[in-house]
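Engineer: Sequence plus the predicted model coming up.
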Amino acid sequence: MPDAHRAVVLAGPTAVGKGTLAAHIREHQPDVWVSVSMTTRAPRPGEVDGVHYHFVSPAQFDDLVARGELLEWAVVHGRNRYGTPRQPVLDALAAGRMALLEIDLQGARQVRRTMPEALFVFLAPPSWEELVHRLVGRGTEDAAERERRLATAKVELAAQREFDVTIVNDDVRRAADELVHLMRTH
């Protein structure tokens with residue numbers, strides 16, 4: 001019987017498809033609870049507050065940090081802040097649910113310090129070229145932001161060995177099935 005009280009942390013470089021994978025799991029695996037992060041960035045086209053992220057002002061984010069209400073938080077790509085609300089994660093685990101946290105590398109390192117029992121999964125692209133193609137293809141960043149994100153991605157890819165397991169995101173459905181299988185068996 002798997003230990004449903006163990007959080008699973010999914011991290012990887014920008015544009016690798018973490019959000020797409022989490023959305024697929026949210027839609028197709030109702031027994032998996034997927035954390036919704038907070039961010040100070042503006043919503044991208046099609047993103048819904050409370051579904052994709054909780055979009056908050058910098059002042060609101062500061063207040064959450066000051067009150068200790070975030071399990072982890074970080075400045076990502078040198079610009080916006082992202083964080084995981086603590087209480088919903090604890091509530092899901094206490095209820096015996098499989099809990100998935102989709103976060104960045106900095107956040108994963110913070111969670112490792114506070115929840116070392118979690119399973120840490122690195123989501124990798126099939127290749128560097130594919131990662132660049134995905135980032136450019138989504139068309140949500142200008143050229144300067146793409147360059148900033150690609151520089152960050154190189155650092156993030158080098159951290160792969162810090163994780164317990166690596167899943168290559170060459171097909172969303174296959175990668176999601178592999179991740180859910182890991183959640184059920186670890």
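Structural biologist: Nice, I can see it.

Engineer: okay, CA-based contacts and neighbour counts for the rest of this
Structural biologist: Noted.

Engineer: A strand includes Arg173, no?
Structural biologist: No. With DSSP: H, G, I helix; E, B strand; the rest coil as the criterion, Arg173 is helix rather than part of a strand.

Engineer: Report how many residues lie close to it.
Structural biologist: Residues near Arg173, counting by other CA atoms under 10 Å, number 14.

Engineer: How about Val121?
Structural biologist: Val121 is flanked by 22 other residues according to other CA under 10 Å.

Engineer: Same check on Phe163?
Structural biologist: Burial of Phe163, expressed as a neighbour count using other CA under 10 Å, amounts to 19.

Engineer: dump the residue contacts of it.
Structural biologist: In this structure, Phe163 makes contact with 120-122, judged by CA atoms under 8 Å, 6 or more residues apart in numbering.

Engineer: now it: how far from Ala108?
Structural biologist: 9 Å (CA to CA, to the nearest Å).

Engineer: ditto for Val168
Structural biologist: Note on Val168: its distance to Ala108, by CA to CA, is 18 Å.

Engineer: Show me which of those two is the more surrounded one.
Structural biologist: With other CA under 10 Å as the criterion, Val168 and Ala108 differ in neighbour count, and Ala108 comes out ahead with 27 against 16.

Engineer: ok, the more buried one touching Ala7?
Structural biologist: No. Proximity of Ala108 to Ala7 does not meet the contact threshold set by CA atoms under 8 Å, at 11.4 Å.

Engineer: Buried residues in the lowest-mean-pLDDT helix or strand in the chain, which are they?
Structural biologist: Within the chain, no helix or strand scores below helix 128-138, which has a mean of 84 by mean pLDDT, DSSP states H and E. Of the residues in helix 128-138, those buried by neighbour count under the rule 16 or more other CA atoms under 10 Å are 131-132, 134-135.

Engineer: same deal with stretch 164-178?
Structural biologist: Within stretch 164-178, the residues that count as buried by 16+ other CA under 10 Å are 166-170, 172, 175-177.

Engineer: Give me the subset of those lying in helices.
Structural biologist: Where the buried residues of stretch 164-178 overlap with helices, as defined by DSSP state H, the overlap consists of 172, 175-177.

Engineer: hang on, the earlier thing: let's see the least confident helix or strand of the chain as PDB, backbone CA atoms only.
Structural biologist: Once side chains and other backbone atoms are set aside, the C-alpha atoms of helix 128-138 remain, and they are given as PDB (Å, rounded to 0.1, in the frame of the first residue of the first chain):
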ATOM      1  CA  TRP A 128      17.700  21.200 -25.200                       C
ATOM      2  CA  GLU A 129      16.400  22.000 -28.700                       C
ATOM      3  CA  GLU A 130      13.000  20.900 -27.800                       C
ATOM      4  CA  LEU A 131      13.000  23.000 -24.600                       C
ATOM      5  CA  VAL A 132      13.900  26.100 -26.700                       C
ATOM      6  CA  HIS A 133      11.200  25.200 -29.200                       C
ATOM      7  CA  ARG A 134       8.600  24.900 -26.500                       C
ATOM      8  CA  LEU A 135       9.600  28.200 -24.900                       C
ATOM      9  CA  VAL A 136       9.600  30.100 -28.200                       C
ATOM     10  CA  GLY A 137       6.500  28.300 -29.400                       C
ATOM     11  CA  ARG A 138       4.300  29.400 -26.500                       C
END
